[in-house]
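S.K.: Just need the structure, nothing else, for what follows:
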Amino acid sequence: MDRSSDEAAIRRMFEALSEAWAREGASAVERFYTPDSDYVTFDGSWLRGREANRRVHEELFAGVLAGTRLVGEIEGVRFLGPDTAVVVSTGAVLWPWQRVAPASRRSRQTLVVVRGDDGRWRVASFQNTRVQRLPPSDSLFMRFFVAVLRFRLALWRRRHPEALAS
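M.R.: Next up is the predicted model:
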């Protein structure tokens, strides 16, 4: 089954959402999210429903996100059914004086998008996770970290010998 027109529509929705971020701020949430949408922020907060999402974003746009713009790109679209898809994207928020987002502020998003009765694609669920690379496993930091974990595990096993019996 050819889903290219659906994928193109989802990509246009994603681009329009990014453009509306700078122009409309929190009011863009109304057009791009389902009423019962879930939004998990990069700090782990869970916003339940479009109204909660809009309220939190209003506060953010009045403060730390004032004047920002959203940049990002879709890395992949996978259809789960005729009216549902999982979208994985990478993006960042830029302040007005920035042209490129620092790598430390890149985030990866997982969106579940659904086609409504009106034929438009909207976000039903959005998970935003900061991209944080782990140090190489042979780095001094990781070797020290593993040593501390092994030490703590050994202490725990001494105090909980019953856990070893199972």
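S.K.: Burial check on residue 72, number of neighbours?
M.R.: 20 (other Cβ atoms under 10 Å). In short, each C-beta sits where N, CA and C put it, glycine included.
S.K.: Any idea what it is bridged to?
M.R.: residue 91 (DSSP bridges).
S.K.: Tell me which residues touch it, please.
M.R.: Residue 72 makes contacts with 14, 18, 89, 90, 91, 92, 109, as judged by Cβ atoms under 8 Å, 6 or more residues apart in numbering.
S.K.: again, but for residue 123
M.R.: So residue 123 contacts 17, 32, 33, 34, 37, 111, 112, 113 (Cβ under 8 Å, 6+ apart).
S.K.: can you tell me which two in these are farthest apart?
M.R.: Greatest spacing in these, by Cβ to Cβ: 17 and 112 (14.2 Å).
S.K.: where are the low-confidence patches of this structure?
M.R.: 166 (pLDDT under 70).
S.K.: secondary structure element for the nearest residue to residue 41 once chain neighbours are set aside?
M.R.: Leaving aside its sequence neighbours, residue 41 sits nearest to residue 128 (Cβ to Cβ, 6 or more residues apart in numbering; 5.7 Å). Assigned by DSSP states H and E, residue 128 falls within strand 121-130.
S.K.: Residue 142 now?
M.R.: Secondary structure (DSSP H and E) places residue 142 in helix 140-159.
S.K.: rewinding a little: tell me which of the contacts of residue 123 is nearest to residue 165?
M.R.: Taking these together and measuring to residue 165 by Cβ to Cβ, the closest member is residue 112, at 43.0 Å.
S.K.: Which residue is the nearest non-sequential neighbour of the closest one?
M.R.: Nearest to residue 112 is residue 125, by Cβ to Cβ, 6+ apart, at 4.1 Å.
S.K.: got it, and residue 17?
M.R.: residue 32 is the one closest to residue 17 (Cβ to Cβ, 6+ apart), at 4.7 Å.
S.K.: contacting residues for that neighbour?
M.R.: Applying Cβ under 8 Å, 6+ apart, we find residue 32 in contact with 13, 16, 17, 20, 122, 123.
S.K.: Now list the buried members of the residues you listed.
M.R.: 13, 17, 20, 122, 123 (16 or more other Cβ atoms under 10 Å).
S.K.: OK, contacts around the nearest residue to the last one once chain neighbours are set aside?
M.R.: Counting by Cβ to Cβ, 6+ apart, residue 123 lies nearest to residue 33, which is 4.8 Å off, once chain neighbours are set aside. The contact partners of residue 33, by Cβ under 8 Å, 6+ apart, come to 39, 50, 53, 122, 123, 124, 126.
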